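# can you look at this prediction? I've put the sequence above it.
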Amino acid sequence: MRTKPVNWVLLVIGVLLAMLGIGLTIGGAALAGADAAQRDGRYLSGPAERYQSAGYALTAPSLVIDPGQAGLPGSPPLSELASIRVQVSSVVPGQDIFVGVGEASAVSAYLDGVPHDSLGGFSWSTDGERPGTFSWTQGETESPAGERAPAAPAGEDFWAASASGTGAQEITWDLQPGRWSLVVMNADASRPVWADIQAGARSQLLGPAGQAILTAGIIALVLGVPLLLFGAARLGRDIDPTARRRAGTPEPATGPAAAPTVRGYSGYPVRFSGFLDPHLSRGLWLVKWLLAIPHFIILALLWFALLVTTVAGGVMILFTGRYPRSWFAFCVGVLRWNWRVGFYSYSALGTDRYPPFTLAPAAGYAADLDIAYPERLSRGLVLVKWWLLAIPHLIIIGILTGGAGTLWNGNDTTGIDGTDAGWGPSLLGILVLVAAVILLFTGRYRTDLFALVIGLNRWVYRVGAYVLLMRDEYPPFRLDQGPADPAPETSPPVVPDTSPQASSERQG
């Protein structure tokens, strides 16, 4: 079953545009928020940080401003584009503090031979406990030759902006061409220096830049998401001919994908299999991470497309009660591809045969996955099953596989492949590692260990199908080990009792 290259082109272009659009939208929204936060003359600043030096001064790295490289014809002066505010207060009671900005060459000459410390880099925090704040990092102590004590800083005439006195001192400085340095000292040029410093900045460029980036992001999303969904639908039709039918046309109840309605848990409508290759290389698993890189790259794009398709499919289920068949087939194809790569690599190490580059079923390959298409889905469950109802399973999977993130990332960042490198060792990862070490030294993969590994993966994919809105049946709390799904549990046939006693009782 072949897919048309144009469908892949549509999907890839849609994914790239959508990813770019999300990044630009987030960045533009962040800049717009920062612009709103600096209105009415406010500065973007974080909390005061405490710095100290055993020398005579604290200095920040030189700031080089070259309008010849950064400026554009007709652009406003630098002083109108951005300004910096620094607030300083001494930690020592009653100690006057000094803060100033001056040309780097003059500051260097002033502190020549004077022991002082560097504040380190000027940073903008985007994560952690205080996102969206400015601060300096404490740098290394500089120990120039000599122990010269400087003159009182307030008496120097090279400062472009300075403040000195008791209590909190503040300077604001508009950007100017040149090379500039910030200095914090005791006002009497004594040592040590111990001060709380708070840095802030504001710029008139944030608003226009944020609007431009946000607009570009929205345009990329408007173009990318429809292309992505259209490409996913076309690929779904390629791999599942029944997806060409109207959504209301029932699927013939034949084939492994048509899970029967049975009593017991073995009939869960996710068909999952993985058969151990009897002739495995002892050492190939050491380099499979390298060999599988092309698959990992493609799967990263496919998983992004799957998540977008799942959101769109959830909206359709909410309003129509149906999952569009072509999107459903595409999502099944992504999970199938992901499992084949995981089976080859570090979710199972069950085969040395290289996985095919296809969303469709691969005849003869050792690993396979299919999910029965549901004709109807609950509109209400779509709002809660993927997070609230799935919590018990996610907790168990987190324990078995090392983190809830395994549903989406896995240790190869490829999706549901059963391990998680970023959250520490997992039970599944340890089991696969033990199997690999045994294989390395004995040339054998223990079948009982393999059955357990497949069972853990089967549980993960069943939960994945539920979380991805593909089925309404709640996944069983059951570890079905072995390469193939257990046979469905059916009720035994009722055999009528034809004994004379039973006949007389019926007549009576």
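Done, it's in.
# give me the distance between residue 53 and residue 113.
Applying CB to CB, to the nearest Å, the value for residue 53 to residue 113 is 16 Å. Glycine gets a C-beta too; all of them are placed from N, C-alpha and C.
# the two: who's more crowded?
Higher neighbour count among residue 53 and residue 113: residue 53, with 24 against 11, using other CB atoms under 10 Å.
# isn't that one up against residue 193?
Yes - if you go by CB atoms under 8 Å, residue 53 and residue 193 touch, sitting 4.6 Å apart.
# and for the two, which residues touch both?
residue 117 (CB atoms under 8 Å, 6 or more residues apart in numbering).
# how many other residues sit next to residue 327?
22.
# what's near enough to touch residue 268?
Here residue 268 is in contact with 259, 462, 473, 475-476, 485 (CB under 8 Å, 6+ apart).
# what's the answer for residue 90, then?
Residue 90 makes contacts with 96-97, 166, 186, 194-195, as judged by CB under 8 Å, 6+ apart.
# now, those that are in strands?
97, 186, 194-195 (DSSP state E).
# pLDDT weak spots in this protein?
Counting by pLDDT under 70, the chain contains low-confidence residues at 1-2, 66-80, 120-146, 243-266, 403-424, 488-508.
# which residues in it form helices?
Taking DSSP state H, the helices of the chain run over residues 5-37, 67-70, 78-81, 104-110, 206-239, 288-291, 293-320, 325-344, 391-401, 427-442, 447-467, 500-507.
# return the most buried member of those.
helix 325-344 (a mean of 26; mean count of other CB atoms under 10 Å).
# counting contacts, what elements does that one pack onto?
Where contact means 3 or more CB pairs under 8 Å, 6 or more residues apart in numbering; DSSP states H and E, helix 325-344 is packed against helix 206-239, strand 270-274, helix 293-320, strand 367-371, helix 447-467.
# CA atoms only: put it into CSV for me.
C-alpha atoms of helix 325-344 as CSV (Å, rounded to 0.1, in the frame of the first residue of the first chain):
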residue,chain,number,x,y,z
ARG,A,325,-12.0,8.1,9.9
SER,A,326,-9.1,9.4,7.9
TRP,A,327,-7.6,11.2,10.9
PHE,A,328,-8.2,8.1,13.0
ALA,A,329,-6.3,6.0,10.4
PHE,A,330,-3.5,8.4,10.4
CYS,A,331,-3.2,8.4,14.2
VAL,A,332,-3.2,4.6,14.2
GLY,A,333,-0.4,4.7,11.6
VAL,A,334,1.7,6.9,13.8
LEU,A,335,1.3,4.6,16.8
ARG,A,336,2.1,1.6,14.6
TRP,A,337,5.2,3.3,13.2
ASN,A,338,6.2,4.3,16.8
TRP,A,339,5.8,0.8,18.1
ARG,A,340,7.8,-0.8,15.3
VAL,A,341,10.7,1.6,16.0
GLY,A,342,10.4,1.0,19.7
PHE,A,343,10.4,-2.8,19.1
TYR,A,344,13.6,-2.5,17.0
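# quick check: residue 440 touching residue 283?
Yes - if you go by CB under 8 Å, residue 440 and residue 283 touch, sitting 6.3 Å apart.
# overlap in contacts of the two?
Listed contacts common to residue 440 and residue 283 are nil; contacts here mean CB under 8 Å, 6+ apart.
# circling back: closest to residue 386 among the contacts of residue 268?
Lowest distance from residue 386 to the contacts of residue 268 (CB to CB) belongs to residue 475, with 12.3 Å.
# residues contacting that closest one?
If you count contacts by CB under 8 Å, 6+ apart, residue 475 has them with 268, 393, 459, 462-463, 465-466.
# turn the helices and strands packed on helix 325-344 into a markdown table, columns for distance to residue 336.
Shown next, in a markdown table, are the helices and strands packed on helix 325-344 (distance: least, CB to CB, whole Å):
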| stretch | distance to residue 336 |
| --- | --- |
| helix 206-239 | 9 |
| strand 270-274 | 10 |
| helix 293-320 | 11 |
| strand 367-371 | 5 |
| helix 447-467 | 10 |
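# which one, of these, ends up nearest to residue 379?
helix 293-320 (5.5 Å).
# tell me how far the closest one lies from the chain's centre.
Put simply, helix 293-320 sits 14 Å off its chain's centre (CA atoms, centre = their mean, to the nearest Å).
# just want the angle from it to helix 206-239.
Computed by axes from the mean of the first three to the mean of the last three CA atoms, to 10 degrees, the angle separating helix 293-320 from helix 206-239 equals 90 degrees.
# summarise which helices and strands helix 293-320 is packed against.
Under the contact rule (3+ CB pairs under 8 Å, 6+ apart), helix 293-320 is packed against helix 5-37, helix 206-239, helix 325-344.
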